[in-house]
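1. here is the input, now give the coordinates:
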Amino acid sequence: YITEIYEYAFEGLDSLTSVIIPDSVTTIGVGAFAGCDSLTSVVIPDSVTTIGTSTFAGCDSLTSVVIGDSVTTIGNYVFYDCTSLTSVVIGDSVTTIGDYAFEFCASLTSVVIPDSVTTIGIAAFYECSSLTSVVIGDSVTTIGDYAFEFCASLTSVVIPDSVTTIGIAAFYECSSLTSVVIGDSVTTIGDY
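-> A predicted model of the protein is given here:
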């Protein structure tokens, strides 16, 4: 059985169009599929608990991702610059969305952050310029610096009562934002 996909295992394989990750895999290493420009969709099975840094960074043909229910952390830069990504399903075991995780995902239109998530990392959705809808789960306590900066299509946001900190420039230059509801537990709203 394959239990781990090692670091940079398939990095830069431009001809790779699809991948089936077997249910025996628990760990996908750093940069494992980074720069696989022809990869269009990925299903991460429920056996996987760890997705390493930059795993799918720069996969600019990737249109949809399903993250299994055993993944607890979406690492830093995991889907960085996946410019064709329109749909992502985040499993109910994820507690942390890492720094820059979906930065520059310019085709991503909506995202639901489940109630299991406590932290939205720095610049996690920075310049997701097509993002019109975001649902922030009821366990999020921290919205990181620059988290939704330059999300120019975002029209409304509800920040739940669990949130205590909204980081620096978290919604800076969200030029379509017309409605914001800020929960009762917020004590700090960062600059910009």
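
2. contacts, neighbours, all on C-alpha from now
-> Fine.

3. number of nearby residues for residue 21?
-> 19 (other C-alpha atoms under 10 Å).

4. wait, residue 25 touches residue 4, no?
-> Yes - the pair residue 25 / residue 4 is scored as a contact, 5.3 Å apart, by C-alpha atoms under 8 Å.

5. so these two - more neighbours on which side?
-> Each of residue 25 and residue 4 has its neighbours counted (other C-alpha under 10 Å); residue 25 has more, 19 against 15.

6. against residue 36, how distant is residue 68?
-> Distance, residue 68 to residue 36, by C-alpha to C-alpha, to the nearest Å: 21 Å.

7. more neighbours, those two?
-> residue 36 (24 against 20).

8. do you know how far the more buried one is from residue 15?
-> Counting by C-alpha to C-alpha - residue 36 and residue 15 are separated by 7 Å.

9. same question, residue 175
-> For residue 175, the distance to residue 15 - C-alpha to C-alpha - is 38 Å.

10. more neighbours, those two?
-> Taking neighbours as other C-alpha under 10 Å, residue 175 and residue 15 compare with residue 175 leading, 14 against 10.

11. residue 148 is in contact with the more buried one, correct?
-> No - using C-alpha under 8 Å, residue 175 is not in contact with residue 148, being 11.4 Å away.

12. OK, contacts around residue 149?
-> 123, 125-127, 169-174 (C-alpha atoms under 8 Å, 6 or more residues apart in numbering).

13. leaving out sequence neighbours, find the closest residue to residue 68.
-> Nearest non-adjacent residue to residue 68, counting by C-alpha to C-alpha, 6 or more residues apart in numbering: residue 46, 4.3 Å away.

14. ok, the one you found to residue 73 distance?
-> Residue 46 is 13 Å from residue 73, by C-alpha to C-alpha.
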